[in-house]
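Undergrad: model the structure of this input:
(chains A, B, C and D)
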2 protein chains.
Amino acid sequence: MNEYSFMIGRTTLPEGDVITAKVKNDKYHRILEAAVTVFAKAGFHESTISQIAKAAGVADGTIYLYFKNKDDILVHFFNFKTRQVFACFHEEVDHAHKAVDKLRNLIKRHLEEFQKDRHMAVLYQAETHRINRLAEEQIREMHKMYLDLIAEIVEQGQVEGAIRRDIYVGLVKRYILGGVDEVINTWLHSERKYDLTSMADPLVDLFIRGIGTQPAAHS
Amino acid sequence: MNEYSFMIGRTTLPEGDVITAKVKNDKYHRILEAAVTVFAKAGFHESTISQIAKAAGVADGTIYLYFKNKDDILVHFFNFKTRQVFACFHEEVDHAHKAVDKLRNLIKRHLEEFQKDRHMAVLYQAETHRINRLAEEQIREMHKMYLDLIAEIVEQGQVEGAIRRDIYVGLVKRYILGGVDEVINTWLHSERKYDLTSMADPLVDLFIRGIGTQPAAHS
DNA sequence: GCTTGATATGAATATCAATTCATTTTCATA
DNA sequence: TATGAAAATGAATTGATATTCATATCAAGC
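TA: Numbering: from 1, shown residues only, chains lettered A, B, ... in the order given. Okay, here's the model as predicted:
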């Protein structure tokens, strides 16, 4: 229910003055949750303030007591979600010792979190791939955090001797994030009858070993 | 200039009656091209018919002589582009004999085409990752064609002995398309100062060999 | 150069939805 | 229970833009 309680008492957006004093009231969370649900169903532009208000059980005007405008709702959502998701990603990575296990845990958790919160997954997929995206700041931060996490793991793996040294880490991040994203995307567009997390192990296997047969390719 | 001339005389959409008789007029192409440019700049919803009309050098009302409505423009674009792009993908694949070379050619051409037509790339990235996407039919077809192409290559590679047999082809497609997509996405969101096609070889290397060191992993 | 059907125009219409704000309700305090 | 400030309401306002349509232009045959 109270999924956003983490947010209480600290608005990290400098321009979020509007709400500062009111965040403690749970109407803020109700609206945020309702908005994400509505956005995920119909897309951001097709959703109306009235729909969100109705879903949250408040009046249209009330929303403007907690958020500057429609866009601001999405900004708040990503700002919160980025922190929440990455906190758990880091935790997951810390649970393993060897680089490959860290990568496996990260991807497993990634798929798990996105499967658990489909609304977030839908918004994330839609917004990260737009050019003039809303919540640009938050999304850039999210990407950077992922990059840093992967970079850290890859470098450790290189020290361990488990990961090749002749690779460009910047590309490896896209290679991995891309595969994971596409698996999530396919799942979202399917009937979602299968378990997304079951894709983690085969996917990691591909990331590590590739699709080629071992001995052949070695230029 | 006349990039869409391929479309002349054959509207593949059954519901495209509106235009059938008028397709030969180049105003159809002018509007289509202008629309894609405008959409790519600001996003579909933020673009107005007036902007498109202005960019195409026609009156607002003229657009409705060639397209049913705003959505229809995008449908026509994807319908055309899917065919055009895949014609060249197939051609590229046919130029090589060995599976790995086919994959390399495919990816090279993929990056090349998307770099060449950035507007298409922007629309493609945005629309393929939405849940309630416009041109759903066309995009599904595009995905299916890519899947089929990859499946064909992978199966040939398995026969040749160059590609592992213990992989799930459905996943391999997402693994590859995801990596390529993410590389394009990063490029689109960068200043685009680097050559996108230069990513093809390192990327294929990752797809084939993975990031792991060779001898270790072999369960 | 007149006629006619096909094209094109762009101002007017109609709709929709974000935002505002005058009014009402709530509730802590005395 | 009275009071007033804070919170909430939702109808009215405002702005925007997709679509229509009465009118104008064009071009080809006569």
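
Undergrad: got the buried residues for the one helix or strand residue A:139 maps to?
TA: Per DSSP states H and E, residue A:139 falls inside helix A:136-160. For helix A:136-160, burial by neighbour count (16 or more other Cβ atoms under 10 Å in any protein chain shown) applies to A:138-139, A:141-143, A:145-147, A:149-150, A:153-154, A:156-158. C-beta: built from backbone N, CA, C; applies to glycine.

Undergrad: helix or strand right after the helix or strand of chain A with the lowest mean pLDDT?
TA: Using mean pLDDT, DSSP states H and E, the weakest-scoring helix or strand in chain A turns out to be helix A:17-20, at a mean of 40. Using DSSP H and E, the next helix or strand after helix A:17-20 towards the C-terminus is helix A:27-42.

Undergrad: what's the separation between the residue of chain A found nearest DNA strand D and DNA strand C?
TA: Nearest residue of chain A to DNA strand D (Cβ to the nearest atom of the strand) works out as residue A:61 at 1.7 Å. Taking Cβ to the nearest atom of the strand, to the nearest Å as the measure, residue A:61 falls 3 Å from DNA strand C.

Undergrad: where's that residue, which helix or strand?
TA: helix A:60-66.

Undergrad: for chain A, which spans come out with low pLDDT?
TA: Along chain A, segments meeting pLDDT under 70 span A:1-25, A:214-219.

Undergrad: quick one: the helices in it?
TA: Here chain A has its helices, by DSSP state H, at A:17-20, A:27-42, A:49-56, A:60-66, A:70-94, A:99-116, A:118-128, A:136-160, A:169-189, A:200-209.

Undergrad: chain center to the fourth one: distance?
TA: Relative to the mean C-alpha coordinate of its chain, helix A:60-66 is positioned 27 Å out (Cα atoms, centre = their mean, to the nearest Å).

Undergrad: which strands or helices does it pack on?
TA: helix A:17-20, helix A:27-42, helix A:49-56 (3 or more Cβ pairs under 8 Å, 6 or more residues apart in numbering or on different chains; DSSP states H and E).

Undergrad: for residue B:28, which of the ones you listed is the nearest?
TA: When the helices and strands packed on helix A:60-66 are compared by Cβ to Cβ, helix A:27-42 sits nearest residue B:28, at 31.0 Å.

Undergrad: now do the buried residues in that closest one.
TA: A:27-40.

Undergrad: again with stretch A:44-56
TA: For stretch A:44-56, a neighbour-count test (16+ other Cβ under 10 Å) marks A:44, A:47, A:49, A:51-53, A:55-56 as buried.

Undergrad: using CSV, write out every CA atom in that stretch.
TA: Output of stretch A:44-56 as CSV, limited to C-alpha atoms (Å, rounded to 0.1, in the frame of the first residue of the first chain):
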residue,chain,number,x,y,z
PHE,A,44,1.1,9.7,-20.2
HIS,A,45,-0.5,12.0,-22.8
GLU,A,46,-3.7,10.0,-23.1
SER,A,47,-4.2,10.1,-19.3
THR,A,48,-6.1,13.0,-17.8
ILE,A,49,-5.9,14.7,-14.5
SER,A,50,-9.6,13.8,-13.9
GLN,A,51,-8.8,10.1,-14.3
ILE,A,52,-5.9,10.4,-11.9
ALA,A,53,-8.0,12.3,-9.4
LYS,A,54,-10.8,9.7,-9.7
ALA,A,55,-8.4,6.9,-9.2
ALA,A,56,-6.9,8.6,-6.2
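
Undergrad: that stretch near chain B anywhere?
TA: Yes - counting by Cβ under 8 Å from any Cβ of the partner chain, chain B is contacted by stretch A:44-56 at A:45-46.

Undergrad: for residue A:168, which non-adjacent residue is closest in space?
TA: Leaving aside its chain neighbours, residue A:168 sits nearest to residue B:202 (6.0 Å; criterion: Cβ to Cβ, 6 or more residues apart in numbering or on different chains).

Undergrad: what does residue A:208 give?
TA: Nearest non-adjacent residue to residue A:208, counting by Cβ to Cβ, 6+ apart: residue B:212, 3.8 Å away.

Undergrad: report the separation between the one you found and residue B:163.
TA: According to Cβ to Cβ, to the nearest Å, residue B:212 stands 16 Å off from residue B:163.

Undergrad: and what of residue A:138?
TA: Residue A:138 is 40 Å from residue B:163, by Cβ to Cβ.

Undergrad: what do you get for residue A:43?
TA: When distance is defined by Cβ to Cβ, residue A:43 is 39 Å away from residue B:163.

Undergrad: the two: who's more crowded?
TA: Looking at residue A:43 and residue B:163 with other Cβ atoms under 10 Å in any protein chain shown, you find the greater number of neighbours at residue B:163, namely 24 against 17.

Undergrad: quick one: contacts for the more buried one?
TA: Residues in contact with residue B:163 (Cβ atoms under 8 Å, 6 or more residues apart in numbering or on different chains) are A:211-213, B:99-100, B:154, B:157.

Undergrad: now swap in residue A:127 and tell me
TA: A:44, A:74, A:78, A:133-135, A:139.

Undergrad: reformat those residues as TSV; add distance to residue B:184.
TA: Formatted as TSV, the contacts of residue A:127 follow (distance: Cβ to Cβ, whole Å):
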residue	distance to residue B:184
A:44	23
A:74	24
A:78	22
A:133	16
A:134	21
A:135	21
A:139	17
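
Undergrad: which of these sits closest to residue A:180?
TA: Nearest member of the contacts of residue A:127 to residue A:180, counting by Cβ to Cβ, is residue A:139, at 15.9 Å.

Undergrad: which one is the closest one nearest to, not counting chain neighbours?
TA: residue A:128 (5.6 Å).

Undergrad: if we can go back for a sec, and the angle from the helix holding residue A:139 to helix A:70-94?
TA: Calculated by axes from the mean of the first three to the mean of the last three Cα atoms, to 10 degrees, helix A:136-160 forms an angle of 10 degrees with helix A:70-94.
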